[in-house]
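Visitor: fold the stuff below for me.
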Amino acid sequence: MKLPMPPPDPAVSRKLMAGVLALGTYHELDDSTYLPWDELRYRPVPEILGSDADHELWWAVLMWSRRARRRNLGILQSNGEPFGLVLTDRILKASEQIARETGGRLGLPEDVLGPSDRNQYIVRSLVEEAITSSQLEGASTSRRVAKEMLDSGREPVNKSELMIVNNYVAMQRIRDEAKNALTPAFVLELHRILTDGTLDDPEDAGRLETPDHERVAVWDNELKIHTPPPAEQLPDRLHRLCDFANGKLAPEVYLPPVVRAVVVHFMAGYDHYFADGNGRTARALFYWSMLHEGYWLSQYVTISKILRKAPSRYSLAYRHTEDDDGDLTYFIHHQLDVILRAIRELNEYIDAKGHELRSVRSALRGQAHDLNQRQLQALEEAVKDDSGLLTVKEHAGHFGVSGETARADLGDLERRGYLVRSKAGKQFVWKPAPGLAGLLGR
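Guide: The predicted structure is shown next:
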């Protein structure tokens, strides 16, 4: 990643600024896109500033306007100054949309994510987030192999697979603890789970960096892009982060809950509490914060999948905040866009799955004379979750039949080409055939 050009000093001559203010430009200048200097310097200077205005004047006017609207938070930069943000219309609109879509209960077809199916899809989402979050940190296992490992419960065979298992376990732990207040002890526990068995020094799991160790920095290839606060500040900074996450810092400053979750994500990455695994921990804390604030649908949403597609934009959002006097607005804009895109992907999945399920049910009704009700229901569940595995024991227990009957059901579906059998440990398992929905619809 190429570092962005740092912004110029917003100080300009008093005479020039007085002239600008007298024209009312301070209030009338459009700042809806909230560009950082590195992008603004390539845009044409607004005509309202006058024919003699240059980019530095434009930037100075924007800085005066932004600082007048800035809300300072109780969390601090390395230099002791507070981080702040501007609640732009873009933030307010996105926050409202995310709250509506992840905190409400409308728009979820019961036949796709009904009560009996939601846990199944949550597991699917946890698997996806575990895989992509680990891949952001360097895991190289393919999605197919990772899903097979998690579905079958087999032990990981290398560091990449172990990272994915750890992420999966951590996401489950977050769901269990979402109603409780965030504490430093829980943050350390999360890190211990996320990094167990994957660090060069096993003692670093669940341990804050100390002044006795060389302080970790953030690099992009050979380029240092972030120097975190000194290690001796970390215990106090972690306490402050937990207070902020729990709404105890600057309570007079209103923040939409999703914005608070995004700031928690940012700070965990900015402070860099640990020798390794800081990115995974930051994303895990984001999910905790979303669930803690009542955004229950966020457990279905996978943000790492989107971050992985454009990691440089993620890094730039951090850098722009640091370059611009701790203005978190850049990072919040970026992350809200990521969340909205993840929600769109979820909605697209739900819509497609609902259409697919209706088509499959129609096709299965036409085969009712040829398949028993257990088989029909098993195929319907397989279409809902094509990553799931079927076993004789589970099928027998679910329908209250003998193991012999369950084996006959699954074997018949295998012979028809609807299921594919494989070995997992000492038992046989069946998974949906590729393109099962299409096979049933023929």
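Visitor: next, count neighbours for the residue nearest to Gly197 when sequence neighbours are not counted.
Guide: Nearest non-adjacent residue to Gly197, counting by Cβ to Cβ, 6 or more residues apart in numbering: Leu162, 5.2 Å away. Where C-beta positions appear, they are placed from N, C-alpha and C, glycine not excepted. For Leu162, the count of nearby residues is 19 (other Cβ atoms under 10 Å).
Visitor: what's the answer for Val420, then?
Guide: Val420 has 14 neighbouring residues, counting by other Cβ under 10 Å.
Visitor: now do the same contact list for it.
Guide: With contacts taken as Cβ atoms under 8 Å, 6 or more residues apart in numbering, Val420 has the following neighbours: Glu414, Trp430, Lys431, Pro432, Ala433, Pro434.
Visitor: for it, pull up the helix or strand it's in.
Guide: Per DSSP states H and E: Val420 is located in strand 419-424.
Visitor: in this protein, which helix is the longest?
Guide: Longest helix of the chain, by residue count under DSSP state H: helix 329-366.
Visitor: just checking, what packs against that helix?
Guide: Applying 3 or more Cβ pairs under 8 Å, 6 or more residues apart in numbering; DSSP states H and E, one finds that helix 329-366 contacts helix 89-103, helix 110-113, helix 257-271, helix 304-309, helix 311-323, helix 373-384, helix 436-441.
Visitor: next, the angle from that helix to helix 311-323.
Guide: With axes from the mean of the first three to the mean of the last three Cα atoms, to 10 degrees applied, the angle from helix 329-366 to helix 311-323 works out at 150 degrees.
Visitor: per-domain residue ranges of the protein.
Guide: Domain segmentation of the chain under automatic domain parsing yields 14-69, 75-347, 370-441.
Visitor: quick one: which of those is nearest Pro8?
Guide: Evaluated over these, closeness to Pro8 peaks at domain 14-69, with 5.0 Å, by Cβ to Cβ.
Visitor: and the closest one, what's its mean pLDDT?
Guide: For domain 14-69, mean pLDDT is 79.
Visitor: ok, now stretch 397-404?
Guide: Mean predicted lDDT for stretch 397-404 stands at 84.
Visitor: give me the contact list for it.
Guide: Contact with stretch 397-404 is made by Arg374, Gln377, Val392, Lys393, His395, Ala396, Ala406, Asp409, as judged by Cβ under 8 Å, 6+ apart.
Visitor: got a list of what Arg66 touches?
Guide: Arg66 neighbours (Cβ under 8 Å, 6+ apart): Asp31, Val86, Asp327, Thr329.
Visitor: any idea which of those residues is least confident?
Guide: The member of those with the lowest pLDDT is Asp31, at 85.
Visitor: spatially nearest residue to it, not counting backbone neighbours?
Guide: Asp31's closest residue in space is Leu62 (Cβ to Cβ, 6+ apart), at 5.8 Å.
Visitor: my guess is the one you found meets Thr33, correct?
Guide: No: contact criterion Cβ atoms under 8 Å: Leu62 and Thr33 do not qualify, at 10.6 Å.
Visitor: between those two, which one's more packed in?
Guide: Leu62 (20 against 11).
Visitor: correct me if wrong, but that one is in a strand.
Guide: No: per DSSP: H, G, I helix; E, B strand; the rest coil, Leu62 lies outside any strand segment and is helix.
Visitor: switch to numbering from 7
Guide: Done: numbering now begins at 7, and the last item shifts to Leu68.
Visitor: next up, the contacts around it.
Guide: Leu35, Asp37, Leu46.
Visitor: then Gln103?
Guide: Applying Cβ under 8 Å, 6+ apart, the residues near Gln103 are Leu346.
Visitor: quick one, phi psi at Tyr40?
Guide: phi 50, psi 60 (degrees, to the nearest 10).
Visitor: so who does it touch?
Guide: Counted by Cβ under 8 Å, 6+ apart, Tyr40 has contacts Val92, Thr94, Arg96, Thr335, Tyr336, His339.
Visitor: what's the closest of the residues you listed to Pro10?
Guide: Nearest to Pro10 among the contacts of Tyr40, with distances taken as Cβ to Cβ, is Tyr336, at 10.3 Å.
Visitor: distance of the closest one from Val163?
Guide: 41 Å (Cβ to Cβ, to the nearest Å).
Visitor: if you count what's nearby, which of the two comes out ahead?
Guide: Tyr336 (21 against 11).
Visitor: name the nearest residue to that one, ignoring sequence neighbours.
Guide: Nearest residue to Tyr336 in three dimensions, chain neighbours excluded: His326, at 4.1 Å (Cβ to Cβ, 6+ apart).
Visitor: and the one you found, what does it touch?
Guide: Pro10, Pro42, Asp44, Asp333, Tyr336, Phe337.
Visitor: buried among those residues? Make that a ChimeraX selection.
Guide: Buried subset of the contacts of His326, written as a ChimeraX selection, criterion 16 or more other Cβ atoms under 10 Å:
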select :42,44,333,336,337
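Visitor: in the stretch 57-206 of the chain, which spans are helices?
Guide: 61-75, 95-109, 116-119, 121-142, 149-158, 165-183, 190-201 (DSSP state H, counting those that start in this stretch).
Visitor: distance to Asp376 added to the ones you listed, as CSV?
Guide: As requested, those are exported to CSV (distance: least, Cβ to Cβ, whole Å):
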stretch, distance to Asp376
helix 61-75, 68
helix 95-109, 41
helix 116-119, 23
helix 121-142, 25
helix 149-158, 28
helix 165-183, 38
helix 190-201, 48
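Visitor: of those helices, which is nearest Ala256?
Guide: helix 61-75 (16.0 Å).
Visitor: so that closest one versus helix 335-372, what angle?
Guide: Using the same axes, to 10 degrees: helix 61-75 against helix 335-372 is 80 degrees.
Visitor: and helix 61-75, C-alpha only, in PDB?
Guide: Extracted in PDB, the C-alpha atoms of helix 61-75 (Å, rounded to 0.1, in the frame of the first residue of the first chain):
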ATOM      1  CA  HIS A  61      -6.700  23.300  -2.900                       C
ATOM      2  CA  GLU A  62      -5.000  24.400   0.400                       C
ATOM      3  CA  LEU A  63      -7.600  27.100   0.900                       C
ATOM      4  CA  TRP A  64     -10.400  24.700   0.200                       C
ATOM      5  CA  TRP A  65      -8.900  22.200   2.700                       C
ATOM      6  CA  ALA A  66      -8.500  25.000   5.300                       C
ATOM      7  CA  VAL A  67     -12.200  25.900   5.000                       C
ATOM      8  CA  LEU A  68     -13.300  22.300   5.300                       C
ATOM      9  CA  MET A  69     -11.100  21.800   8.400                       C
ATOM     10  CA  TRP A  70     -12.700  24.900  10.100                       C
ATOM     11  CA  SER A  71     -16.200  23.600   9.300                       C
ATOM     12  CA  ARG A  72     -15.400  20.000  10.400                       C
ATOM     13  CA  ARG A  73     -13.800  21.100  13.600                       C
ATOM     14  CA  ALA A  74     -16.800  23.200  14.500                       C
ATOM     15  CA  ARG A  75     -19.000  20.200  14.200                       C
END
